[in-house]
Each structure stands twice: as structure tokens, then as C-alpha cells.
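Participant: just need the structure, nothing else, for what follows:
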Amino acid sequence: QIDDIKVEYHKSSRRPTHIYSFENFKRNERTVDLDLLTPEPWKPFKTRLDFEVAEVIHEAKLNSKLTDRLLKAVHKILQKPCDFTLDSSADLNQITIPYKGQPKTFEFHSRPLWDWILSQVRDPLLAPHFEWDAQRLSKFDGTKWVRFYDEPWTASKFAEVQSHISSVRPDGKPLAIILWADTSVLSTFGTQKGHYIVARIGNLPQSIRNGNSVGGGRVVGFVPIVGANAAEQGKPSFVNWKNTVFHEAFRAFLKIVARLSKVGQVVHCGDRISRVLFPYIHILSADYEEQCRFALIRGLGGNAPCPVCLVPKGTLSDLRTRYAYRVAAEVQELVHKVESKKAKEAALKPLGLRAVKNALWDVENSDVHEATSFDRLHAYIIGLFQKHLLPEIKTLLEDMGRWAETTCTQPPSRFQNMERWPNLSHFTHGLFKMDFSDGKKWEHASKILLHVAYNIFNQERSLKGFALLRLFRSWQELNTYLTFEVQTSVTISAFERTLLRFHDRLAEMDGVIKIHSHLHAARDIRRKGVIANMDTKVNEKMNRPMRETYHRQTNFKNVEPQLGKFDDRDQAAVSIRAHLDALDKQENLVHTGLPKEPKSIEWQFAQVYLGSRQKPTDFKDFAAQAAHDDAFIRFRQKLTDCLTDLIPRENPRGNQLLLNRRARNTPTIHNSDKASFIVTECEYLKVDYESTVSWRTATDRLYCRPSRPGRTERCDCVMVQMSANDVTFARLVRLFVYFSEGNRYALALVHPFTADRAARDGDAELGLCRIRVQPRRSSMIIPVRSIIRGVLVVADNENDEEYTIMDTLDQDIFLRLMPLFPNRDMEII
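Facilitator: Now for the predicted structure:
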């Protein structure tokens, strides 16, 4: 059947291949066996109340002085003593690395990585979510099976590691470790920095692994930061020594994992099943500077500046030539084979490598070059957009004169006039005059920029500007592809073709940008799963809580052990809270026998929920309140036309609704003298829909709020399914529930758009989806269940009747609009 899903497990698992219907294929929807939970998860606290008070103190990030004051106040209120055990300690390693004949000792604070892994593997809350066998997933498109990738175990590297492990021990299971390391500024003036390591487990699904609750990432260590005076900075001997310190710290950190990667360890997991686990480093998530440390390459100044392959340093802008991949075993053999320091330098320099022993060589199945992964945040958002494309656009605006610059930057600028949308930053003060370090804001700005600039950089005003926007549009498409939660062989191939188009458009402009790393993105997806598995964005979110802890809970001296202690408390609190919530849920089921009913279920209409309800009004008053609005012209007849398909032909007796059948079988609504129709207006709309990318439920939260004294209007736009093969776009005018003889009809008055003859010259090359608003009197009433999802439209500043749809708003709308606007110069899949 079309859309069937085939799951093929690794042969060593001895699990049969399954084919599921699309409706029955459920990923990551596994239930927890509540009987496996400990009845007192708050221990080592004496009571649950002790933990809950300590949890409040921890979340408030109170220092010891404020904590004492709070506890004294609590004691006075309770008039009895309370004891809390909040002590924690950090493991301290010392490493000594000689420099210029003198021993240099560094403190390396870390948590035992394997102990943390065991705590996760043994947790009964996480047990049903662990995946121990490689899977090959395919979806039937009607003619063939199309492979798709999402989690690490659906890609090829996990399967290869399992094959290697099964050759050593047939019942062995791979345990994939994901590591991230980076240096972050902790103090306000940058004098205090932290170089910390975050670990995640790749056998858990992304929703858990990248979350903030139990099973999420954890700070497991702090790499020593080596200071230097101006005389030493940049010297090869000093740089090599710094890298040696880095890798010796990692060697101590990975000591147990390295040993177990070769022999495995029997672990009694949270589901009470014993497994032989073999840990390995699946992904290294890091920016380029950190990648150079891990891979021990010489950076952009080296002869081969890529940590993954042997591309020469002069060809980093060429995306059409591929080079041999680096292999850690070959590098290790070369380093061990050459003994003298001078000979090692001569052998490694042409390869862009440093003569330092890599700590990851000790870990089986962990090739450092292959584990090094594409970093979308720094390569695309902060790299190409913030540092290259945006400055070029700003320069062109300045060259075009004050008119162009003012249009984008001065109030009311196009950025300020942008309609608001959930989870999309609104740039109240424009963009070009602002500076911020939040990658999320830069990404949001990149979604908006094309719709702000295309009128300014058209082909008549600036050919160079138009060419730059064509390049920027290709970048937008690439970035959107890389956000996909599920990648198929089709979408990966489309990404690769789009990457070549970007390369060619850059070459047409004589642009020279070091974009070589983008060439490895598709391979990383096939080898390690979707980019979200390896992106640094999810890890860099941990910088903020670390800074808050530093400022509010440390004494600003010897901060690493203090940060480790407070992170340990945080993880303990998260774990205990998750277990308490699970127990509370179990008690609720025991006492009631049923899960808690959702609120206001009577306002749920199929996939749509209506909220922010106003007071019920008479139909006549509702229709008359906007008599000045052309959208309400022939409102009664429009309602009649809509209800034709919603109300049974046999009208039950009653005087609330009378249906007069004409020759054309068209019902007409009349007001009765004895009763009135009741209408409840709503101003909030929640639409659930199935994502075309992930095939999971996604949600849009939309508003339909007419202008009132002291409140501006906000009426969002929607995509509407008019018939099986007809999709249109419209702006919400009113949302209301119409009551008739005990029945409720959820309806929307909408102002439609049309795409017919709307496209302009240049739209296809810029990938614009242009629509034209119809006359206001052309409004229509639709059932809310025909709303597919919301869309964000951007007004054309030169034509009040035209809008463009932001197709890069999210991954789902990106795919949905492809067949609706097929004439654009882009990959249509």
C-alpha cells in the first residue's frame, strides 16, 4: 500500500522485518512501566517535602546566604527544625604536561562519563525509549520503497558499528555517545571563561535527548583553559602543547569508556533486561575552532584545513570536487611509525595535522574525523548569513542611496510592519541597526529578509542586488532542507542539487567564500541521521544557565567545581521531579481509573480548537456589528451556502431555523419571530495537522481579533482545503460557532486570496509565492475543519493587493507550497 512503512532491523538483533500501515507506524510513542519506578524517588531527601523545598531553592538559584535566610524563615513558620542534605562533590583529576622542560599541572574537573551513562540506562522512565538495534526505514511511494533517516540508529554508521560489535560479541549492543565542547564567556567583561563538555546518548530519541528533562544533555566536565602571554601566543610549540593539554584531559575523561569500548560491560537496564553495552563516540558536535582541536588539524592556515577530508586550502570555495576522506587509523599509524619530532612534523604538515596523540584513538569504533559533524548554526546562520550575505546586502543598500536604506531600516520599516507569528522574532527596531549574539534571532531575520528586500533589489534598480538575492534564496532553501526532522533519499538529493545551484550562483558573482564544509552535510545525514542530531544549536542553549549559575551561585573563584556541583543538583532535581510526576500520574489512574480529561473538549472540532470565546450574541446582532465591513455583504446568503453541506436536508421541526428548498436545492436562512439564532464569536484558533516532513502532529496557534478601542487588529492567514484537489489561501475575518436546534457549527468568515496571474518577473528566480487579495466583498464562510494550517503572508510595499507567502517559515509549509507554485526556479519534489 502507498505510504506503508518498512522497518528492517540489524541482522544481529534477530528481529524480523515489519511492514506497518502509515496509520499504525508509531515512533517514540512508548509507555513507561510504572511498576518499575521506586516508590520514594525523592531520596536521598528524607521526605518529599524536603525535596520540593530544595527544588524551589535550586530553581531560584539562591546562594548559600539567601538559602539560610529562607530556611530560617521556614523554620519560624513551622516552629520545628528541618534538615536538608544538599552536599555534592566533583571528581578532580590532575594532569601534568611538560612545556619547555618544565612540568605544568592543570586541574581537570569532570564527572565519570560512564557513571552518568549507567544512571540513564538504568532509569525505568527512559527504558522504553532506548533503541539498541540499527534500523533501516523505508516508505512506499506507490512504486518503490524510499529510505528515510531521522534518529542515529536509522543511519548507516550505527549499523556498521553494530556489525563490528557483533563480530566480537554477538549479543553486544552499541551505545552511541554524542559530545559537545566549547568555550563560553561566563563573566560580564569576559575575564572568566568556561570550557565545558556536554554529553548526550544517541540511543534515545531526539525529543528526549535534546530536551531539558530526564534523558537530556548534561555537563560532564570542564577542559582546562591554558592561558598565554603575548610572547607565546601563536608559536607552533605552544599551540601543540595547548592541544596536548586538551587531549590529555580528554584521555583521562574517556579512560573507562575507552576500555569498555573494546570489551563491553553487562548492564542491567531499566526494563530489567541485561545487555552487553559497547560505548563509542558517534558524534562530535562543535564549531570549527573546536573541530580543529578534536581532529588536531592546523586550521585555515594548514595545507588541508578540513577536519573530515583532505581538501587543499586553496579550493575551499569549490563544491564540485570531492577529496579523499581522512581515516583516523591511517593518521595513528603514521604518528606511531615516525619517531623523531622533526620527521613527524615533516610527515604531518602536508596533511594539515599536528604531531599530538589524539585521545579518541583510544576509543573503539570512534574515528574522530568521521565523528566530526556538520554544524548548521555556525556554517549557515552565523557563518554564511550573518558574516557574508547580510553585510553584502547592507553594503548594497548604502550604495543605492538613502531611499533604499531608509525603506529597510527607518520607522516604519518593512521589518517593523511584518505580521507577528508564534516563534518568529519581531524586529521592532528593524534589523540593520541591531547587533545580537542569539543564533535564533539571526535565523528568524534570515526568513524575513528576502520579503523585505525583493522590491528594492529588483532587476530594474540593481542587477547586482538581484543576483545577490538569487544567491540568498538558494541559501534559504539549503538552510530549510537541513532543518527537516525526517530526511528521505529524495530530500537529500534535492539538497545536493540545490547546493550545486548555490555554488554556481556564487561563482557567477565572483564570490569567494569558504563553504567547503557544506559538502559534507548530506553524507553526515546518511551516516548519522538528521542535522538536529549533531547541530551545536541545541548545546549552545546551555550557555545561558551556566552564566546564570556563575553570577548567582558561585563566589567567582575556582568556579569549575562549583558549576559542576550545581549542575549535579540540577540533574538530580530533574530526575526526581520526573519520577514524582510519573508516580502522581499513576496515582491519578489508580484513584479515577481514567486519565484526566482535557479541558473544553466541547470546543474541539475535528483538528481545530476554538478559544478566547466572547459572550454569545443574537445572530442578527452579530451580522450587524460589522455592517460597515464589505466582508459582511450578503452574510446571510454566504452562511446559507456554507450550511448546505453541514445541515441535514430533512429539517427537524422547530422555529429556530427554516430551510426553504428552491428549485436549485439551495437552503435559505430566515430569522424566526419566536426565537433567535445564537452565535459565539471566538478569537483564537489552534490547528493540529500532520507535518508533511516528519509525519507527526504539528500545531499552529492563530488569532482572529478584530480591532477594538485600545486594541489593534490581528487576523492571521490560513491554508484552506476547498475540495479534494483545490487548496486556497485566505485571511480570517471572524471565527464563530453557530448554534441551531441543538447543533453547533464551527465556521469562519474569510477573505480569500488568489494565485492566478499574480506572479511578476523575477518571482520564479527568487522562489517567491505571490498571491493577490480578492475584493473584500468576495469573502466566504467555511467550516473551520477545512483549515489545513496557518500561513504567514507579507504585504508588498508597492502594491496593496499583493502578498508573498513565507515558504521558509517552517519545513512543512516549504514542502506544501512546492506543488502549488511549481514554476519557481528551485528543486520541486
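Participant: every contact and neighbour count from this point should use C-alpha atoms.
Facilitator: Noted.
Participant: after the helix ranked longest in the chain, next one along is what?
Facilitator: Longest helix in the chain, counting residues (DSSP state H): helix 559-592. Downstream of helix 559-592, the first helix or strand assigned by DSSP states H and E is strand 604-605.
Participant: partner strands of that next one, parallel or antiparallel?
Facilitator: Strands flanking strand 604-605 in the sheet, each with its direction: strand 608-613 (antiparallel) (DSSP bridges).
Participant: which of the residues in the strand it pairs with are buried?
Facilitator: 608-611 (16 or more other Cα atoms under 10 Å).
Participant: ok, stretch 741-760 next?
Facilitator: Within stretch 741-760, the residues that qualify as buried are 745-753, 755, 758-759, counting by 16+ other Cα under 10 Å.
Participant: now stretch 503-510
Facilitator: Going by neighbour count (16+ other Cα under 10 Å), the buried part of stretch 503-510 is 503-506.
Participant: then stretch 793-811?
Facilitator: By 16+ other Cα under 10 Å, the buried positions in stretch 793-811 come out as 793-797, 802-809, 811.
Participant: farthest-separated two in those?
Facilitator: Pairwise distances across the buried residues of stretch 793-811 peak at 26.3 Å for Asn797 and Gln811 (criterion: Cα to Cα).
Participant: thinking again about what came up before, what's the closest of the buried residues of strand 608-613 to Arg785?
Facilitator: Closest to Arg785 out of the buried residues of strand 608-613 is Val608 (6.3 Å), distances taken as Cα to Cα.
Participant: pretty sure that closest one contacts Pro783?
Facilitator: No. Using Cα atoms under 8 Å, Val608 is not in contact with Pro783; the gap is 10.2 Å.
Participant: hmm, back to that, return the member of the buried residues of stretch 741-760 nearest to Arg293.
Facilitator: Closest approach to Arg293 among the buried residues of stretch 741-760 (Cα to Cα): Ala759, at 50.0 Å.
Participant: may I see the buried residues of stretch 741-760 organised as JSON lines, with distance to Ala522 added?
Facilitator: Formatted as JSON lines, the buried residues of stretch 741-760 follow (distance: Cα to Cα, whole Å):
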{"residue": "Tyr745", "distance to Ala522": "48"}
{"residue": "Ala746", "distance to Ala522": "45"}
{"residue": "Leu747", "distance to Ala522": "45"}
{"residue": "Ala748", "distance to Ala522": "43"}
{"residue": "Leu749", "distance to Ala522": "45"}
{"residue": "Val750", "distance to Ala522": "42"}
{"residue": "His751", "distance to Ala522": "42"}
{"residue": "Pro752", "distance to Ala522": "40"}
{"residue": "Phe753", "distance to Ala522": "37"}
{"residue": "Ala755", "distance to Ala522": "34"}
{"residue": "Ala758", "distance to Ala522": "35"}
{"residue": "Ala759", "distance to Ala522": "33"}
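Participant: among the residues you listed, which one has the lowest pLDDT?
Facilitator: pLDDT across the buried residues of stretch 741-760 is lowest for Ala758, at 74.
Participant: show me what contacts that residue?
Facilitator: 770-772, 802 (Cα atoms under 8 Å, 6 or more residues apart in numbering).
Participant: before we move on, the earlier item: in helices, which of the buried residues of stretch 741-760 fall?
Facilitator: With helices taken from DSSP H, there is no overlap with the buried residues of stretch 741-760.
Participant: mind listing which of the residues you listed are in strands?
Facilitator: 745-753 (DSSP state E).
Participant: from the buried residues of strand 608-613, pick the one nearest Glu392.
Facilitator: Val608 (43.6 Å).
Participant: for the closest one, which residues make a bridge with it?
Facilitator: Beta-bridge partners of Val608, as defined by DSSP bridges: Phe605, Val687.
Participant: what distance do you get for it to Tyr689?
Facilitator: Taking Cα to Cα, to the nearest Å as the measure, Val608 falls 9 Å from Tyr689.
Participant: again with Arg209
Facilitator: 24 Å.
Participant: the helix or strand containing Arg731 packs against which elements?
Facilitator: Assigned by DSSP H and E, Arg731 falls within strand 726-740. With contacts taken as 3 or more Cα pairs under 8 Å, 6 or more residues apart in numbering; DSSP states H and E, strand 726-740 sits against strand 678-690, strand 697-705, strand 714-715, strand 717-723, strand 743-754.
Participant: nearest to Pro279, of those?
Facilitator: Going by Cα to Cα, the one of those nearest Pro279 is strand 697-705, 33.3 Å.
Participant: any residues touching that closest one, and which ones?
Facilitator: 422, 682-691, 713-716, 732-735, 789-790.
Participant: sorry, back to before: would TSV of the helices and strands packed on strand 726-740 with distance to Ala631 be doable?
Facilitator: Formatted as TSV, the helices and strands packed on strand 726-740 follow (distance: least, Cα to Cα, whole Å):
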stretch	distance to Ala631
strand 678-690	16
strand 697-705	14
strand 714-715	13
strand 717-723	15
strand 743-754	7
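Participant: tell me where the stretch 451-600 of the chain has strands.
Facilitator: Secondary structure of the stretch 451-600 of the chain (DSSP state E, counting those that start in this stretch): strands at 487-488.
Participant: tell me where it has helices.
Facilitator: For the stretch 451-600 of the chain, the helices defined by DSSP state H, counting those that start in this stretch cover 463-482, 489-508, 521-528, 537-540, 543-553, 559-592.
Participant: Leu284 contacts Thr372, correct?
Facilitator: Yes. In this structure Leu284 lies within contact range of Thr372 using Cα under 8 Å: 4.8 Å.
Participant: that older thread, the contacts of Ala758 in strands, which ones?
Facilitator: 770-772, 802.
Participant: and those, which is closest to Pro174?
Facilitator: Set against Pro174, the nearest of these by Cα to Cα is Arg770 (49.7 Å).
Participant: burial measure for His268, as a count.
Facilitator: His268 is flanked by 14 other residues according to other Cα atoms under 10 Å.
Participant: and Phe294, what does it touch?
Facilitator: 247, 358, 368.
Participant: swap that for Gln332, please
Facilitator: For Gln332, the contacting residues are 357, 361, by Cα under 8 Å, 6+ apart.
Participant: before we move on, what SS does it have?
Facilitator: Following DSSP: H, G, I helix; E, B strand; the rest coil, Gln332 is assigned to helix.
Participant: what about it, distance to Ser285?
Facilitator: Counting by Cα to Cα, the gap between Gln332 and Ser285 amounts to 22 Å.
Participant: now stretch 634-651: mean pLDDT?
Facilitator: 74.
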